[in-house]
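Q: Here's my sequence, what's the structure:
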Amino acid sequence: MNNSDSRINPRQLGTPRGGSYAAVPTSGDRKNRNKPTRGRKKSIFEAYMSKEDVSAGLKRGELIQGPLRINPKKYHEAFIPSPDGTRDIFIDGVVARNRALNGDIVVVKLLPKEQWKVIKPDGSDKETEATHESDVPEDVLGTCVPRETAKGDAKSPDVIIEAQFDDNDAEHGQDHLQDTLADDIKKVSLDTGEKVKAVGICGVHRTKQDDGPKVNDPRLLPDKFLQRTAKVVYILEKKHSRAATGFIKLLADKNSELFRRCAMFSPVDHRVPRAYVSLADCPPDFVTRPEDYSNMLFICRIVDWKEDSNFATGQLAKSLGQAGEIEPETEGILTEYGVDFSDFSPEALECLPQSLPWVISPGEMAKRRDLRKECIFTIDPSTAKDLDDALSCKQLPDGNFEVGVHIADVSYFVLEETALDKVASERATSVYLVQKVIPMLPKLLCEELCSLNPMRDRLTFSVMWKVTPEGKILDEWFGRTVICSCVKLSYDHAQSMIESPGKVFSPEELPPVSPQHSIAEIQQAVLNLHRIAQHLRKQRFIDGALRLDQLKLSFTLDQESGMPQGCYIYQYRDSNKLVEEFMLLANMAVAHQIYRSFPEQALLRRHPPPQTKLLKDLMEFCNQVGLDIDFSSAGTLHKSLNETFGADKYSEARKEVLTNMFSRPMQMALYFCTGVLEDETLFRHYALNVPFRRYADVIVHRLLSASLGASSPIKMEKEAIQRQADHCNDRKMASKRVQELSADLFFAIFVRECGPLESEAMVMGVLNEAFDVLVLKFGVQKRIYCNALPLLGFHFQKVGRKPELTLMWEPEKPEQESVPQVITIFTLVEVMLTSDGIPLKYSALLKRPSSE
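A: Okay, the predicted model is just below:
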């Protein structure tokens, strides 16, 4: 373990005048680690093991495989999940990572126990002394056992970064939870030559003399205080796209032979290596006018990374345009995440009906139930063009209702093993950006032939139920149908019908309605669906469902320039809940139907249970801040979340903060093939998405069609279905990330164009010299650093078990007193978001509290 790792970066330690405080050592720039000495080429990285040795080692249990996650804030730290679900395995430094990139499936070999990472020194009742920075890697510095846990209670949070939920490397990706839950780590003061007391969870202190014990030999510590460390010996699957956006610069050494051939590509994402690129691929005047390109974004593909080089070899793919502009940045995001946004090939387009306008043939009509005269309508966001589901609700003479969910029949148009099928299976999902959609299927399909547009005959699958007014299901029917939607309602239209049940709507207030049906009939159907949905939803939560709605930012864009003009938090209302409830009902029905018919080939979605380690940390945290939350099941968690907050106007904000925390241990739903996952208990939580924005749904449609005897069984074997399911999961993850990055991009531009923006914010987590807030007006999370504020000093302590920072503000006028401000979880503060002058970077600053 190398001493240079514990250098302190003075930039982050701006000492406030006055108060003494705990400083967090941070790693400096690690890019120059392991610089080979000039002249002789020595290997920096180990050669990979042979395929045969890897296979044998995995079989014998000597090697471990898993997806690599690199911490976006501290890119020298990487992890792979432990196969037994316990604490992640730590991969320390670029060398141990051995040229693998984020997301790759790697094979690792554990390092000997003496090199494992110490999480906490041996607990004892006396104050724990910390060692000097130079003795241990900075990650281990200042770990100390909380007083309460020293008495042999091992439930305190393990403070290793495992909060890498969803690879979210926005402001609070992976290391956020670790910091929040584990602010009892790193309470070490700077060695200033006098005895400085750092108020930590157990008051870590130490003096100039080396009077504290060294961190104990890991071999002597019990496993619960250790984290296994490993090195990468093989890359099984390169999941990372190997593409990155970044900037090009001339090499520093003008006299080197390399200078004449290569430029240096520096990626924006520090988890990707810097790379040599050929000058021949750079713009012709780059060498003479490098400054013209300092703000120009390029895409580079990493093509090689030799064992003897700190830098990879890359190939410049194209220049995107200026950094900080919407289109270049968006194209960069799509390319980095491997999203195919090219035009569909002529071969794929040839699979679509060629003679337009397309009409349903009498032969096809004869095979389907004709529902064109029924009152069927769509409810979607006002901007939606791909209307893939419709609803109907008809009162029956006996007082019950016939409720229908009608889903566009995409499998009619996308036939197995065609060129179009191949493209769709590769894209696997449509990707929704702020300003546009990258569709999985050509526009002609998703916006026309498979979009349930009003007053157009369309092919559908329908699930129809006979339901009591209280939402009890008496009967169920599946089949292939033809519908003709009578109106395209937006969520706003449906919402106003729900909110004003007695109101008579004039034709001007609604989109065009088919002459076959009256506005009153449609309104009555919406109200009946709403009432039934309320019963279904209530029952679902009684049965133990959990819903965590994180705030979602939406933008209004300038029609001409496409720039964000305003932004607001999307309101999730009764009309959304109505649609969601019936989609879930249809999903369950379809899932059961295809599983009954094809137990070996059904493609379903399941929600894995929360990650135990993160859940344990969260329970500990709630305990520390005195929140009474029942974690025993999803249902009890939902109940506590909705009952813990009191009724003042900030109860919603407190709920948002907790919702954010609770979302971290939750895992994304995964597609899987029933024939491959033997253990049926693992797929209890069926929840299947019906719309056809995902390729998985195309397979489901085929299975459904075959289960109804309308088409022959699908040709895919269960293993092929599982491979496709895995690919769908990867693409879904990428698409979710791209969607988040697109919103981040637009918000950063909004702050730049319209900032500074002021908002109330609520504290989500307190560290020893920074704290995290949820900005209530915009739903974004930011970290606020004490040393960026005009403070005389600040100090961190635990009050009971609750972390607390006291900020001493500089008085505005010399004769005034300093104003103290106490920051703890759920504190309400005023913040200002301001642009940093670097493209797409903005900071949150705390506004000074008023002195009254």
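Q: Once you drop chain neighbours, what's closest to residue 492?
A: Distances taken as CB to CB, 6 or more residues apart in numbering place residue 382 nearest to residue 492, at 6.4 Å, with adjacent residues excluded. Using the backbone N, CA and C atoms, a C-beta is placed for each residue, glycine as well.
Q: Likewise for residue 724?
A: Closest to residue 724 by CB to CB, 6+ apart is residue 425, at 6.3 Å.
Q: so that neighbour sits right up against residue 721, yeah?
A: No: taking contacts as CB atoms under 8 Å, residue 425 lies outside contact range of residue 721: 11.1 Å.
Q: Verify the contact between residue 105 and residue 64 for me.
A: No: between residue 105 and residue 64 no contact is recorded; they are 11.4 Å apart, counting by CB under 8 Å.
Q: Neighbour count for the two, which is higher?
A: Per other CB atoms under 10 Å, whichever of residue 105 and residue 64 has more neighbours is residue 64, with 19 against 16.
Q: Unless I misread the structure, the more buried one falls within a strand.
A: Yes: the assignment for residue 64 is a strand, going by DSSP: H, G, I helix; E, B strand; the rest coil.
Q: Compare residue 425 and residue 721 and say which is more crowded by neighbours.
A: Per other CB under 10 Å, whichever of residue 425 and residue 721 has more neighbours is residue 721, with 25 against 20.
Q: Please report the distance of the more buried one from residue 703.
A: Taking CB to CB, to the nearest Å as the measure, residue 721 falls 9 Å from residue 703.
Q: Where does the prediction get shaky in this structure?
A: Across the chain, the ranges flagged by pLDDT under 70 are 1-41, 120-216, 644-647, 680-693, 851-852.
Q: for it, longest helix please?
A: helix 718-754 (DSSP state H).
Q: Which of the residues in it are classified as buried?
A: 718, 721-722, 724-725, 727-729, 731-752 (16 or more other CB atoms under 10 Å).
Q: cool, and stretch 623-639?
A: Applying a neighbour-count criterion of 16+ other CB under 10 Å, one finds 624, 627, 629, 631, 634-635, 637-639 buried in stretch 623-639.
Q: same check, this time on stretch 465-473
A: 465-467, 471.
Q: Between the two ends of that stretch, how far is it?
A: The stretch stretch 465-473 measures 7 Å between its terminal residues, going by CA to CA, to the nearest Å.
Q: what sits up against that stretch?
A: With contacts defined as CB atoms under 8 Å, 6 or more residues apart in numbering, stretch 465-473 is touched by 396, 399-404, 474-477, 531-536, 539, 585, 589.
Q: Go again with 6 Å.
A: For stretch 465-473, the surrounding residues in contact (CB atoms under 6 Å, 6 or more residues apart in numbering) are 400-401, 403, 474-476, 532, 535-536.
Q: ok, now stretch 431-447?
A: Stretch 431-447 is contacted from outside by 339, 341, 344, 352, 385-386, 413, 424, 427, 429-430, 555, 562, 735, 738-739, 742-743, 746, using CB under 6 Å, 6+ apart.
Q: Just say helix, strand or coil for residue 821.
A: Under three-state DSSP, residue 821 comes out as strand.
Q: My understanding was that residue 566 contacts residue 555; is that so?
A: No: using CB atoms under 6 Å as the test, residue 566 is too far from residue 555 to be in contact (7.1 Å).
Q: More neighbours: these two, which one.
A: Neighbours were counted for residue 566 and for residue 555 using other CB under 10 Å; residue 555 has more, 18 against 11.
Q: neighbouring strands for the helix or strand encompassing that one, and are they parallel or not?
A: Remark: residue 555 resides in strand 553-557, with elements defined by DSSP states H and E. According to DSSP bridges, strand 553-557 has the following sheet partners: strand 564-569 (antiparallel).
Q: Which helix or strand lies directly C-terminal to the strand it pairs with?
A: Counting by DSSP H and E, what follows strand 564-569 is helix 574-597.
Q: That next one: which residues count as buried?
A: Quick answer for helix 574-597 (16+ other CB under 10 Å): 575-579, 581-587, 589-591, 593-595, 597.
Q: residues making contact with that helix?
A: The contact list for helix 574-597, computed with CB under 6 Å, 6+ apart, reads 379, 405, 463, 478, 491, 494-495, 498, 529-530, 533, 536-537, 602, 604, 674, 686-688, 690, 703-704, 707.
Q: any idea how far that helix is from the chain center?
A: 25 Å (CA atoms, centre = their mean, to the nearest Å).
Q: Restricting to C-alpha, output it in PDB.
A: Below are the C-alpha coordinates for helix 574-597, written out as PDB (Å, rounded to 0.1, in the frame of the first residue of the first chain):
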ATOM      1  CA  ASP A 574     -54.800  10.900  -9.500                       C
ATOM      2  CA  SER A 575     -54.900  10.700 -13.300                       C
ATOM      3  CA  ASN A 576     -51.400   9.200 -13.300                       C
ATOM      4  CA  LYS A 577     -52.400   6.800 -10.500                       C
ATOM      5  CA  LEU A 578     -55.500   5.700 -12.400                       C
ATOM      6  CA  VAL A 579     -53.500   4.700 -15.500                       C
ATOM      7  CA  GLU A 580     -50.800   3.100 -13.500                       C
ATOM      8  CA  GLU A 581     -53.200   1.000 -11.500                       C
ATOM      9  CA  PHE A 582     -54.800  -0.600 -14.600                       C
ATOM     10  CA  MET A 583     -51.500  -1.100 -16.300                       C
ATOM     11  CA  LEU A 584     -50.300  -3.000 -13.200                       C
ATOM     12  CA  LEU A 585     -53.500  -5.100 -13.300                       C
ATOM     13  CA  ALA A 586     -53.000  -5.900 -17.000                       C
ATOM     14  CA  ASN A 587     -49.300  -6.700 -16.400                       C
ATOM     15  CA  MET A 588     -50.100  -9.200 -13.700                       C
ATOM     16  CA  ALA A 589     -52.800 -10.800 -15.800                       C
ATOM     17  CA  VAL A 590     -50.500 -11.100 -18.800                       C
ATOM     18  CA  ALA A 591     -47.700 -12.400 -16.600                       C
ATOM     19  CA  HIS A 592     -49.900 -15.200 -15.200                       C
ATOM     20  CA  GLN A 593     -51.300 -16.000 -18.600                       C
ATOM     21  CA  ILE A 594     -47.900 -16.500 -20.300                       C
ATOM     22  CA  TYR A 595     -46.400 -18.300 -17.300                       C
ATOM     23  CA  ARG A 596     -49.300 -20.700 -17.200                       C
ATOM     24  CA  SER A 597     -48.900 -21.400 -20.900                       C
END
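Q: partners of the helix or strand that comes right after it in the sheet?
A: Later in the chain than helix 574-597, the nearest helix or strand by DSSP H and E is strand 603-606. Here strand 603-606 is paired, per DSSP bridges, with strand 670-673 (antiparallel).
Q: Show me what the next helix or strand after the partner strand is packed up against.
A: Downstream of strand 670-673, the next assigned helix or strand under DSSP H and E is helix 695-707. Counting contacts by 3 or more CB pairs under 6 Å, 6 or more residues apart in numbering; DSSP states H and E, helix 695-707 is packed against helix 574-597, strand 603-606.
Q: Go again with 10 Å.
A: On a contact count with 3 or more CB pairs under 10 Å, 6 or more residues apart in numbering; DSSP states H and E, helix 695-707 meets strand 401-408, helix 419-427, strand 457-467, strand 473-484, helix 574-597, strand 603-606, strand 670-673, helix 718-754.
Q: okay, now the domains of the chain?
A: By the assignment in the TED database, the chain contains the domains 51-119, 241-323, 346-534, 576-742, 755-846.
Q: roughly how far out does the longest one sit from the chain middle?
A: Counting by CA atoms, centre = their mean, domain 346-534 is centred 30 Å from the centre of its parent chain.
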